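Undergrad: For reference, the sequence and a predicted model appear below.
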Amino acid sequence: MKMMHNRSTGIICLLAFISLLTAGPGNTAQIAQANAGFSMSTGDKSRSITFNIPEYTIQEEFHLGSQFHRIVIDGAGSMANIDEPDLPSFSTFYAVDPAKQYEVSIDILESEMHQNIHVFPKTTWKDEDSDPATPLSKKASVYNSAQPIPEKMATISNRMVLRDLHIVSVTVTPFRYNALTQELEIVTSAKIELTENSTANNSSGTRRKPSRAFENLYRSFVVNYQRSSMEFQKPSILYILVRINQELH
C-alpha cells in the first residue's frame, strides 16, 4: 500500500507539473484550488499547516434494503483500502530542508459528531458496474470493530525532488469513524505539525537559479513555497522524460 501511495503521489506531481506549466493567466482560480483547505504558518522548531475542511455533504444511499452514507466533498481523494469505509482525504505538498528528516502529527481544533452513519465501502471500477442485486463486499474485521479509523489521520510521504526543490506530500483524512457504533467525527479544523526529528544523509549540492517556468507550479501546489533567489535563470528548452517500464518516452 505504501509503495502504491508513493507511486500515485509521483504521478499526481507529474500531472500537476504538466498542466501548470501550460496554464495561462485565465486559469489562475482553477489552479489555486490545488491547496484548498490548507494554509501555512511557522513556529520555532516546527512547521504548522492549518487545515479547514471544505464544504461537505453526507448522502444517503440504499443497497438491497440497507442504508449507507457517502461523504461527498469536491476535489477530495481517498486513501481507503478496497472494501473498507471510504473516507475522503486531502493532500498538499510541502517544501523541506534536504538535510532534515520530518515527522507529522495532527492536533484537532474543531470537529462535529454524527450518529448512525454507515459509511459506504470503497469499491473498484469493476464493482461500480456490477449487478445492483449483488451484495456489497465489506471487510468484516473493520466493519465489526470498535477501533476508530483511520489509524493515522495525517501521513507524510517519502521525499521527492522536483528540480532541486525537495518536497513531501502531506495527506489528511479528517475523520474518526467507529464502524461498530456507527459514530463519525468529522474534523472541521486542525493544525498539522511537521517537526524536524533528525538529520538526513543527503547533500543538496550546488543549487541552480530558479526557473520562471516552474514558478506557477511551485506556488500552486507547494503550500509553503518561497523563492530563495530573485534572479531567474536564462530561458532554455524544457524536455519532459517519462520512464515507463524502463523505457523513456
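TA: Cool, got the structure. Numbers count the residues shown, from 1 in each chain.
Undergrad: which stretch of helix or strand covers the nearest residue to residue 96 once chain neighbours are set aside?
TA: Once flanking residues are discounted, residue 96 sits nearest to residue 166: 5.2 Å by CB to CB, 6 or more residues apart in numbering. C-betas here are computed from N, CA, C, even on glycine. Using DSSP states H and E, residue 166 sits within strand 165-172.
Undergrad: And for residue 218?
TA: Going by DSSP H and E, residue 218 is part of helix 212-221.
Undergrad: who does the strand holding residue 166 touch, helix- and strand-wise?
TA: With contacts defined as 3 or more CB pairs under 8 Å, 6 or more residues apart in numbering; DSSP states H and E, the packing partners of strand 165-172 are helix 2-21, strand 88-95, strand 100-114, strand 154-156, strand 160-162, strand 183-199.
Undergrad: least reliable of these going by mean pLDDT?
TA: Mean pLDDT values for the helices and strands packed on strand 165-172 show the minimum at helix 2-21, a mean of 48.
Undergrad: Pull out the buried positions in the helix holding residue 218.
TA: 214, 216, 217, 218, 219, 220, 221 (16 or more other CB atoms under 10 Å).
Undergrad: Are there helices or strands packed against that helix, and which ones?
TA: Helix 212-221 packs on helix 2-21, helix 28-32, strand 88-95, going by 3+ CB pairs under 8 Å, 6+ apart.
Undergrad: Report the contact partners of residue 76.
TA: Shown in contact with residue 76 (CB atoms under 8 Å, 6 or more residues apart in numbering): 54, 88, 89, 90.
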